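J.: Fold the following, please.
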Amino acid sequence: MMAFVATVLGSFTTPMRIGTDPVSMLWLLPLVVSIAVVYKSTKVYRIDPWPFVKESAVLLGSIIVFIVVAAAILYGLTWIVTVQLPSLLDKSAF
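T.: Model prediction:
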């Protein structure tokens with residue numbers, strides 16, 4: 001029993017490897033769906049099926065749009081810092 005507990009606790013010390021390819025990013029969708037449904041279910045007074053699904057879908061879409069916009073901004077910032085900025089700093093002023 002103690003070996004099992006040590007194994008479980010030891011598994012939390014090494015991070016899980018998650019890739020950054022487009023297929024790995026699809027794993028965000030179940031997380032975003034669960035966040036949208038749980039958040040909406042805590043905010044509405046009464047859960048009617050159609051309005052609840054509609055409001056959850058709107059929240060899901062807004063979260064996904066925010067993630068895409070944030071990723072585009074961060075990608076652009078990374079491109080500027082890693083590609084454009086070094087070439088500007090290499091040029092001599094004289």
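J.: and the longest helix anywhere in the chain, which residues are buried?
T.: Taking DSSP state H as the criterion, the chain has its longest helix at helix 49-79. Of the residues in helix 49-79, E55, S56, L59, L60, I63 count as buried by neighbour count, 16 or more other C-beta atoms under 10 Å. C-beta: built from backbone N, CA, C; applies to glycine.
J.: just the residues you listed now: which is nearest V33?
T.: L60 (6.1 Å; C-beta to C-beta).
J.: That closest one - nearest residue in space that isn't next to it in sequence?
T.: A36 (4.3 Å; C-beta to C-beta, 6 or more residues apart in numbering).
J.: The one you found contacts I64, correct?
T.: No: with contacts counted by C-beta atoms under 8 Å, A36 stays clear of I64, the gap being 9.4 Å.
J.: coming back round to it: how many neighbours does the residue nearest to L60 have?
T.: A36 has 20 neighbouring residues, counting by other C-beta atoms under 10 Å.
J.: Got the phi and psi for the most centrally placed residue in the chain?
T.: With distances taken as C-alpha atoms, centre = their mean, L28 lies nearest the centre of the chain, 5.8 Å away. Main-chain torsions, L28, degrees, to the nearest 10: phi -70, psi -30.
J.: what's the closest non-adjacent residue to it?
T.: Using C-beta to C-beta, 6+ apart and skipping the chain neighbours, the partner closest in space to L28 is I67 (7.0 Å).
J.: how near is L9 to A3?
T.: 11 Å (C-beta to C-beta, to the nearest Å).
J.: my bad, should have said L26
T.: 36 Å.
J.: same check, this time on Y75
T.: The value you get for Y75 to A3, if C-beta to C-beta is used, is 45 Å.
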